[in-house]
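Colleague: sequence below, structure please.
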Amino acid sequence: MPRTWQNVAAAWTGAAFAALVVVALAAGAGARAAALVELQVAPRGPGTVVASPAGVDLENGNTPVTAPCDDNEDDDSCRWGFEQGTAVTLSATAETGKAFVGWSTPDCPGTGSCTLTLESGVTSIVALFSPLRLGVKYSDDDSGTVTIDRSANSCLDDQGDADACFELAPGSTVRLTATPATGHTFKGWNEGCEPRNERTCTIVVNDQPTWAGATFDDDDPPELPTRIKVQFRLTKTGNGGGQVTASKLDCGGQCTAQYDYGQTITLTARPDTGSLFDGWNGVCARTETTCRFPVGPITSIKAQFSRDAAPPTTPGGLAVRRATKTSIAVAWTASTDSSGVAGYRVYLDGASAGETATTEYELGNLKCGRSYGIAVDAVDSGGTRSPRATLTAPTRPCALAARVSGVGVVYAGGSRTVVVQLRVNRATTARASLLRAGRTVATARPKVKAGTNAFRLRVPAGSPGGVYRVSVALVNPDGGTLSLPSRNVLVRRR
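Modeller: Model (predicted):
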């Protein structure tokens, strides 16, 4: 009896373990299925595409793909599934006498194979072959005709629903002209041939086929076959930052979107502060921050942003605009920088004195009559600074100030000479007089320099002894005369 219960327990344990294994396998299989990502392969024109490794056909019950993708026109394409992270190599083969032109991603230039690493969501890849067909449908083929502006082969095979069909190289821009029959009028074109309300329109051949519809009289516009939808993917690269926007896209956060094949979109790049936009990996010019193209012939593009490491140019032509006793105003020519100049910093004797967004600055609270070292640099939006422009500039001289610091008499060899000591803060010319009883007996006009100066007034030989008066006046460099208080001096008789 105990053994029987042990056997039952053992049997139950085995069954439970088996059930757990089944559940685990089922969960693993579910996780595996959930990890499948979609690769949409769209040959456009006379050719096929194969993948290595082969995926599963998502439109046929996830069965293994065994044949090349030949769904190459109208709204047909192949939807293959792969495990996320798989590197898939695609190879294109053109029909005899035809040509493979290239892939829809700049990451696969030329006509060789194309390897994609499938990360998440849906990835669309288009293989363009040549020639492509341009099909034209009329609302009433008895009401008028449509002609093309160039020599073009008519489609040799069945043109299907088209009333006219031409073979052209992918990317050809052609003009179609509608000519109504006698007694009929042209009404307009279907969307895609622009302008729609004029008899002549322009259309770009980039699908298989590319369709144009002409309407005559009051007929309804012809129904054109539907186009496939493709997933467009934008990738930001580089060590800088920025945002790219377009219809349905704000990358940033939303970097993929689905579009009708052939729909034209315009991408606009906006670099972040301190970054530069550095190109569209060849689809548009590197210097253009907008890029316009049809989705389908292009299904992925990279927008590169780089950090702005180059400093602005040195401010030019630094010069003094005006100076006062307590201020110096300077100006300079603008610096340039690839990401834009954010402003300027001004330095006084090596220390930061202030900042400005303009190309001029006034330094205040300075001392009169002193020279200062002034410098200016530019800074870009990323904080990178230019070399400094420098100059040395003085404030205007201080107001003239002077005083007679001493008066004395020198007796030598029977002569008497009055010596005057004068302290002055600026170089100028003095006018000195020696007076006796209100009458001038000696004069001098010495040039004086900043600091202490001495000059002499000789007492005439016949002048008596007594008290003399010394009078000094200075020529003011700023205009006028500065008269100093007179000083008395006792001169002995000779």
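Colleague: where does pLDDT dip in the protein?
Modeller: Where the chain drops to pLDDT under 70, the residues are 1-34, 156-159.
Colleague: in the sheet, who's paired with Val489?
Modeller: With DSSP bridges as the criterion, Val489 is bridged to Tyr468.
Colleague: that one - how many residues pack around it?
Modeller: When neighbours are defined as other C-beta atoms under 10 Å, Val489 has 17 of them. All C-beta atoms are positioned from the backbone trio N, CA, C, and that covers glycine.
Colleague: now it: how far from Thr443?
Modeller: When distance is defined by C-beta to C-beta, to the nearest Å, Val489 is 15 Å away from Thr443.
Colleague: check Ala152 too.
Modeller: Taking C-beta to C-beta as the measure, Ala152 falls 110 Å from Thr443.
Colleague: in terms of neighbours, single out the busier of the two.
Modeller: Each of Ala152 and Thr443 had its neighbours counted (other C-beta under 10 Å), and the higher figure belongs to Ala152 (17 against 12).
Colleague: skipping adjacent residues, who's closest to the more buried one in space?
Modeller: The spatial neighbour of Ala152 that comes closest, neighbours along the chain excluded (C-beta to C-beta, 6 or more residues apart in numbering), is Phe166 at 4.1 Å.
Colleague: how many neighbouring residues does the one you found have?
Modeller: Neighbouring residues of Phe166 were enumerated by other C-beta under 10 Å; the total is 25.
Colleague: I'd like the next helix or strand past the helix or strand encompassing it.
Modeller: Secondary structure here is read from DSSP states H and E; on that basis Phe166 sits in strand 164-168. Remark: after strand 164-168, the chain's next helix or strand is strand 172-180, criterion DSSP H and E.
Colleague: next, the angle from that following strand to strand 164-168.
Modeller: The directions of strand 172-180 and strand 164-168 differ by 160 degrees, with axes from the mean of the first three to the mean of the last three C-alpha atoms, to 10 degrees as the criterion.
Colleague: can you name the residues that contact Gly343?
Modeller: Listed by C-beta atoms under 8 Å, 6 or more residues apart in numbering, the contact partners of Gly343 are 355-357, 378-379.
Colleague: hey, what's Val376 bridged with?
Modeller: Val346, Ala389.
Colleague: surely it is in contact with Thr358?
Modeller: No: under the criterion of C-beta atoms under 8 Å, Val376 is not in contact with Thr358, lying 11.4 Å apart.
Colleague: okay, and the common contacts of those two?
Modeller: With contacts defined as C-beta under 8 Å, 6+ apart, the residues shared by Val376 and Thr358 are Tyr344.
Colleague: between those two, which has more neighbouring residues?
Modeller: Neighbours around Val376 and Thr358, counted as other C-beta under 10 Å, are more numerous at Val376. The numbers are 26 against 10.
Colleague: domain assignment for the protein?
Modeller: As given by automatic domain parsing, the domain ranges for the chain are 36-130, 132-216, 229-307, 316-394, 402-491.
Colleague: so which of the ones you listed is nearest Pro222?
Modeller: Using C-beta to C-beta as the criterion, the shortest distance between Pro222 and the domains of the chain is 4.0 Å, found for domain 132-216.
Colleague: quick one on the thing from earlier: closest one of the contacts of Gly343 to Lys302?
Modeller: Of all the contacts of Gly343, the one with the least separation from Lys302 (C-beta to C-beta) is Val379, at 30.0 Å.
Colleague: the stretch 151-300 of the chain: strands as residue ranges?
Modeller: Assigned by DSSP state E, counting those that start in this stretch, the stretch 151-300 of the chain shows strands spanning 153-154, 164-168, 172-180, 186-189, 200-205, 210-216, 229-237, 242-246, 249-251, 256-260, 264-271, 275-277, 290-294, 300-307.
Colleague: now, of these, which is deepest in the fold?
Modeller: Ranked by mean neighbour count under mean count of other C-beta atoms under 10 Å, these are led by strand 210-216, which reaches a mean of 25.
Colleague: for that one, packing partners?
Modeller: Helices and strands in packing contact with strand 210-216 are listed as strand 132-138, strand 144-148, strand 172-180, strand 186-189, strand 200-205; criterion 3 or more C-beta pairs under 8 Å, 6 or more residues apart in numbering; DSSP states H and E.
Colleague: buried residues, the second one. List them.
Modeller: So the one you mean is strand 144-148. With burial defined by 16 or more other C-beta atoms under 10 Å, the residues of strand 144-148 counted as buried are 144-146, 148.
Colleague: what's the end-to-end length of stretch 232-249?
Modeller: 10 Å (C-alpha to C-alpha, to the nearest Å).
Colleague: correct me if wrong: Ser381 contacts Gly340.
Modeller: Yes: counting by C-beta under 8 Å, Ser381 touches Gly340, with 5.6 Å between them.
Colleague: which one's more surrounded, the two?
Modeller: Ranked by neighbour count (other C-beta under 10 Å), Ser381 and Gly340 place Ser381 first, with 18 against 14.
Colleague: quick check, Val407 in a helix?
Modeller: No: following the definition DSSP: H, G, I helix; E, B strand; the rest coil, Val407 is strand and is not counted among the residues of a helix.
Colleague: what about it, distance to Arg458?
Modeller: Where Arg458 is concerned, Val407 sits at a distance of 14 Å (C-beta to C-beta).
Colleague: so what sits opposite Ser483 in the bridge?
Modeller: With DSSP bridges as the criterion, the beta-bridge partners of Ser483 are Ala473.
Colleague: what is the burial count for it?
Modeller: The local packing count at Ser483 equals 12, with neighbours defined by other C-beta under 10 Å.
Colleague: in the buried residues of strand 144-148, find the pair that's most separated.
Modeller: Gly144 and Ile148 (14.5 Å).
Colleague: closest one to Ala450 among the helices and strands packed on strand 210-216?
Modeller: Using C-beta to C-beta and comparing the helices and strands packed on strand 210-216, the one that lies nearest Ala450 is strand 172-180, at 81.5 Å.
Colleague: tilt between the closest one and strand 144-148?
Modeller: Following the same axes, to 10 degrees, one obtains 160 degrees for the angle between strand 172-180 and strand 144-148.
Colleague: okay, helices next: where are they in the stretch 1-150 of the chain?
Modeller: Assigned helices in the stretch 1-150 of the chain, in chain order: 2-34 (criterion: DSSP state H, counting those that start in this stretch).
Colleague: all strands of the stretch 351-494 of the chain, in order?
Modeller: With DSSP E, counting those that start in this stretch as the definition, the stretch 351-494 of the chain shows strands at residue ranges 351-356, 360-363, 371-380, 389-394, 402-412, 415-424, 428-436, 439-444, 447-448, 451-458, 466-475, 481-483, 487-491.
Colleague: got a list of contacts for the last one?
Modeller: Residues outside strand 487-491 that contact it (C-beta under 8 Å, 6+ apart) are 404, 407-409, 416, 418, 420, 459, 463, 465-470.
Colleague: look up how far Gly296 lies from the residue nearest to Ala152.
Modeller: Using C-beta to C-beta, Phe166 is found at 19 Å from Gly296.
Colleague: give me the neighbour count for the closest residue to Gly171 other than its chain neighbours.
Modeller: With C-beta to C-beta, 6+ apart as the criterion, Gly171 has its nearest non-adjacent residue at 6.2 Å, and that residue is Asn206. Under the neighbour criterion other C-beta under 10 Å, Asn206 is assigned a count of 23.
Colleague: give the contact list for the nearest residue to Ala399 once chain neighbours are set aside.
Modeller: Take Ala399 and drop its neighbours on the chain: the residue closest to it by C-beta to C-beta, 6+ apart is Asp478, 7.0 Å away. Each residue near Asp478 by C-beta under 8 Å, 6+ apart is listed here: 397, 399-400.
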